[in-house]
Structure formats: structure tokens, C-alpha cells
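A.B. asks: pasted the sequence and its predicted model underneath.
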Amino acid sequence: MGFLIPRFIKKYTEVFKKDGFRGVIKKGGWKLLFYFFMFYLIRDTILYILIPYVVGKGFFDIFIK
């Protein structure tokens, strides 16, 4: 399962084990916050906007034709 975890996450996991959450914030800083924000922005866009749109569009196209 180690191949599924990105390298930058492995680095911060080691820092977390050694120094705790404060060490992760000190080492990662704004870059880590940006990665976290982008991950959830992309994930939530796909889950809550894109998938329902595609399903709804396919569903309503059946009744329009």
C-alpha cells in the first residue's frame, strides 16, 4: 500500500511522527496548507458538482428526446 501514498505525504508523515503537528506546520507552512486546500477543492468539485451534473444531464436527456 506504500505505493499509493505520494512522496511529499511520506515526508510530512515522518515529520509528524518525530515532531508532532507543530513540526509539520513549521516544516510545511503555506505550501502544505495550499496542497490541503487544493486537494479538497478538486475532490469536492468532482463529488458534489461534476458527478451530479453528469448524472442529471444523462437522466434529463432521456425525457427531452
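C.D. replies: Received, thanks.
A.B. asks: what strand or helix carries the spatially most central residue of the chain?
C.D. replies: Closest residue to the average C-alpha location of the chain: residue 39 at 2.6 Å, with CA atoms, centre = their mean. Assigned by DSSP states H and E, residue 39 falls within helix 7-45.
A.B. asks: now that helix: buried residues?
C.D. replies: 12, 15, 24, 27, 28, 32 (16 or more other CB atoms under 10 Å). Just so you know, the C-beta spots here come from the backbone N, C-alpha and C atoms, and that holds for glycine as well.
A.B. asks: what's the most distant pair in the residues you listed?
C.D. replies: The most widely separated members of the buried residues of helix 7-45, counting by CB to CB, are 15 and 32 (10.0 Å).
A.B. asks: hey, what's in contact with both of these two?
C.D. replies: residue 24 (CB atoms under 8 Å, 6 or more residues apart in numbering).
A.B. asks: just for this protein, where's the confidence low?
C.D. replies: Across the chain, residues meeting the criterion (pLDDT under 70) sit at 1-2, 65.
A.B. asks: 90 - rerun?
C.D. replies: Segments of the chain classed as low confidence (criterion: pLDDT under 90) are 1-13, 16, 21, 24-25, 28-37, 39-40, 43, 47, 51-52, 54-65.
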